[in-house]
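> I'll drop the sequence and a predicted model, then ask my questions.
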Amino acid sequence: MAKTASVPKPQGRSRIGNGKDLLPGVNARSTTMRRYREIYAQLVRDMGGDPSEAKSIIAKRSTTLAIWCEDVEARMAKGGDIDIGEFTTATNALRRLLAD
């Protein structure tokens, strides 16, 4: 018979698992982290709130890619060069994550 994994009590879980930290060791007051929380919260709302661990991981990865794409777009808008191949790969990965 297969054993099921038990969910640790809140005091036995990590700060990430408890929802206290989204990214460990990152200054929560930084501009990037504030934007990260905004996007992540919106994705969770779009999922209907209280996502499963798998959906939460997808939301985090989607958030990371969205912020990366925003940074690249800002660089381009300022007249900077971008690697269109990297940007296209990232946007396609983001699209696939959000389609699930």
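Perfect, thanks for sending it. Numbers count the residues shown, from 1 in each chain.

> and the residue nearest the centre of this structure?
Lys60 (2.0 Å; C-alpha atoms, centre = their mean).

> wouldn't it be in contact with Ile39 here?
No - the pair Lys60 / Ile39 is not scored as a contact, 9.8 Å apart, by C-beta atoms under 8 Å. Quick note: C-beta positions are derived from backbone N, CA and C, even for glycine.

> check the protein for its longest helix and report it.
helix 53-77 (DSSP state H).

> which residues does Leu43 contact?
Ala59, Ser62, Thr63 (C-beta atoms under 8 Å, 6 or more residues apart in numbering).

> I figured the last one hits Gln42, correct?
No - applying C-beta under 8 Å as the test, Thr63 and Gln42 come out as separate, 9.1 Å apart.

> give me the neighbour count for Val72.
18 (other C-beta atoms under 10 Å).

> show the pLDDT at it.
As predicted, Val72 sits at a pLDDT of 98.

> just the one 10 residues further on next, same as before
According to the prediction, Ile82 has pLDDT 98.

> what's it in contact with, if anything?
For Ile82, the contact set (C-beta under 8 Å, 6+ apart) comprises Val72, Arg75, Met76.

> tabulate these in CSV, adding columns for distance to Gly48.
Formatted as CSV, these follow (distance: C-beta to C-beta, whole Å):
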residue, distance to Gly48
Val72, 30
Arg75, 34
Met76, 34
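
> and which of the residues you listed is nearest to Asp100?
Val72 (23.1 Å; C-beta to C-beta).

> in contact with the closest one, which residues?
Contacts here follow C-beta under 8 Å, 6+ apart; on that basis Val72 touches Ile82, Glu86, Phe87, Ala90.

> which residues of this structure score low on pLDDT?
Residues of the chain meeting the criterion pLDDT under 70: 1-21.
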